[in-house]
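Asks: 3D model of this:
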Amino acid sequence: MNSSGGSCSSLMDVVAYDHHLHHGHDEELHVLAVDDNLIDRKLVERLLKISCCKVTTAENALRALEYLGLGDQNQHIDALTCNVMKVNLIITDYCMPGMTGFELLKKVKESSNLREVPVVIMSSENIPTRINKCLASGAQMFMQKPLKLADVEKLKCHLMNCRS
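Replies: Numbering: from 1, shown residues only. So this is what the prediction gives:
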């Protein structure tokens, strides 16, 4: 990243202050972040970590399904159930090769072990029919990329309220 202005340092000051304010929470959210774009995936991971979340990343929906114990070779979910219990949120890009974020959402919502895990869909394209389709299929939220720290904080606050 290019440091061509003062806004980055002032943002980091706010993040550091915010981190100290919220660090008292012992309960850490575990987020599975899925995005085929490395830069977007790293950005989401960084924002989530700043917000005191534990983050696991996957470069595509198939890898995410493997991690969650829903891959084709993992039809019997035994040893992998421990991963499922630890994931509090799945945040996924919509457009990915092989399997879209929407298809991942549908697989998660069809799973008896995972259907309660909130799924957030991200996209750089603001297409109302796509957004409505995802929300109607069980997505918790639809967020515009690139994600910002304020988006992650709003999401985390929403999730903590839902869980309590």
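Asks: Helix or strand: which one has the most centrally placed residue in the chain?
Replies: When the chain is reduced to its mean C-alpha position, the closest residue under C-alpha atoms, centre = their mean turns out to be Ile91, at 2.2 Å. Counting by DSSP states H and E, the element that carries Ile91 is strand 89-93.
Asks: Neighbouring strands of that strand in the sheet, and parallel or not?
Replies: Within its sheet, strand 89-93 is paired with strand 30-34 (parallel), strand 119-123 (parallel), according to DSSP bridges.
Asks: And the pLDDT at Leu29?
Replies: pLDDT recorded at Leu29 is 85.
Asks: again with Thr100
Replies: The pLDDT attached to Thr100 in the predicted structure is 98.
Asks: That one and Met160, how far apart?
Replies: Separation of Thr100 from Met160 (C-beta to C-beta, to the nearest Å) stands at 28 Å. Placement of C-beta: from N, CA and C, glycine included.
Asks: between these two, which one's more packed in?
Replies: For Thr100 against Met160, the residue with the higher neighbour count under other C-beta atoms under 10 Å is Thr100, and the figures read 19 against 13.
Asks: I figured that one was touching Leu62, is that so?
Replies: No - with contact taken as C-beta atoms under 8 Å, Thr100 and Leu62 are classed as non-touching, separated by 11.3 Å.
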